[in-house]
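Participant: Below is the structure, and that's it, no one-letter string:
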């Protein structure tokens, strides 16, 4: 059970990894990141996560000097050194160390900072989620688009504080139009008359990898699955509610704003979908991730 970091190509214990006080990720949250877990030692959804990492870099106009092949080699080397049964992986790329504590990118002469954190994959507590719709709005796409997975996380942090103060475990945000967006680290879904629905990307959300794969899973199973704007009132009347995330996959929501969702137990569609999704992911992992990993 080891916590290791690969900082710009050097593997060292997590507690010994250090970045400069002039690193723009530290100073300004001028960074992007991805989180994924392994299955039998192989990162799950690695291609999708790399694609989203590049999309975030483009959104922040951040140039990554390390290509995918080199990044995969560093991940593989760090996993091998950690020797965990299964691992949590966090990839962080900042715009690098600046010449001054000034937000102007003219002071960011590069190279970028690339940090890979590897920890034992956690056994996440609990089996159900308790959400509260908070008053703090999700960042507007025209200001700081949530579709870019950046290190600027203060919107989520403050929303989570508000949700915790209300006795919930996580926050659920609405946008300026009053429609639901997402939770702090997961996408929100509802079940209505047998169909499965989630807010569209235009609502101002992160394009979750698990979200994307669940659409594929539902299509394969012939389950109605679509994007639609969802109001808090519609969510309150839903037959079932669940969230999706990289580490928890399909996760039932049984409490919303202090009230039980239906009978307060995971819904039948959610439970069946979670089981089906696990089988889908295993097949997809063997078909896509393992061959890619073997070539890296």
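Facilitator: Arrived safely. The structure displayed is predicted, hence computed values, not measured ones. Numbering: from 1, shown residues only.

Participant: ok, residues contacting stretch 207-216?
Facilitator: Contacts of stretch 207-216 with the rest of the structure, by C-beta atoms under 8 Å, 6 or more residues apart in numbering, involve 36, 45, 48-49, 52, 55, 147, 182, 186-187, 189, 196, 198, 201, 225, 244-246, 249-250, 273, 277, 280-281, 284. Bear in mind the C-beta positions are built from the backbone N, C-alpha and C, glycine included.

Participant: which of these are buried?
Facilitator: Restricting those to buried positions leaves 36, 45, 48-49, 52, 147, 182, 186-187, 189, 196, 198, 225, 244-246, 249-250, 273, 277, 280-281, 284, with burial counted as 16 or more other C-beta atoms under 10 Å.

Participant: returning to that earlier point: which of the contacts of stretch 207-216 fall within strands?
Facilitator: Members of the contacts of stretch 207-216 lying in strands (criterion: DSSP state E): 36, 182, 187, 189, 196, 198, 225, 244, 245, 249, 250.

Participant: how about the helices in this structure?
Facilitator: Assigned by DSSP state H, the chain shows helices spanning 24-28, 46-59, 68-82, 154-165, 209-221, 232-236, 268-284, 290-295.

Participant: Of all the ones you listed, which one is nearest residue 10?
Facilitator: helix 68-82 (9.7 Å; C-beta to C-beta).

Participant: counting contacts, what elements does the closest one pack onto?
Facilitator: strand 4-7, strand 10-13, helix 46-59, strand 87-94, strand 113-120 (3 or more C-beta pairs under 8 Å, 6 or more residues apart in numbering; DSSP states H and E).

Participant: Kindly recompute the last result at 6 Å.
Facilitator: If you count contacts as 3 or more C-beta pairs under 6 Å, 6 or more residues apart in numbering; DSSP states H and E, helix 68-82 packs onto strand 4-7, strand 113-120.

Participant: Identify, out of the ones you listed, the most deeply packed stretch.
Facilitator: A comparison of those by mean neighbour count, using mean count of other C-beta atoms under 10 Å, puts strand 4-7 on top with a mean of 22.

Participant: That one pairs with which strands, and in what direction?
Facilitator: strand 10-13 (antiparallel), strand 113-120 (antiparallel) (DSSP bridges).

Participant: The last one versus helix 68-82: what angle between them?
Facilitator: Yep, that's strand 113-120 we're talking about. Calculated by axes from the mean of the first three to the mean of the last three C-alpha atoms, to 10 degrees, strand 113-120 forms an angle of 40 degrees with helix 68-82.
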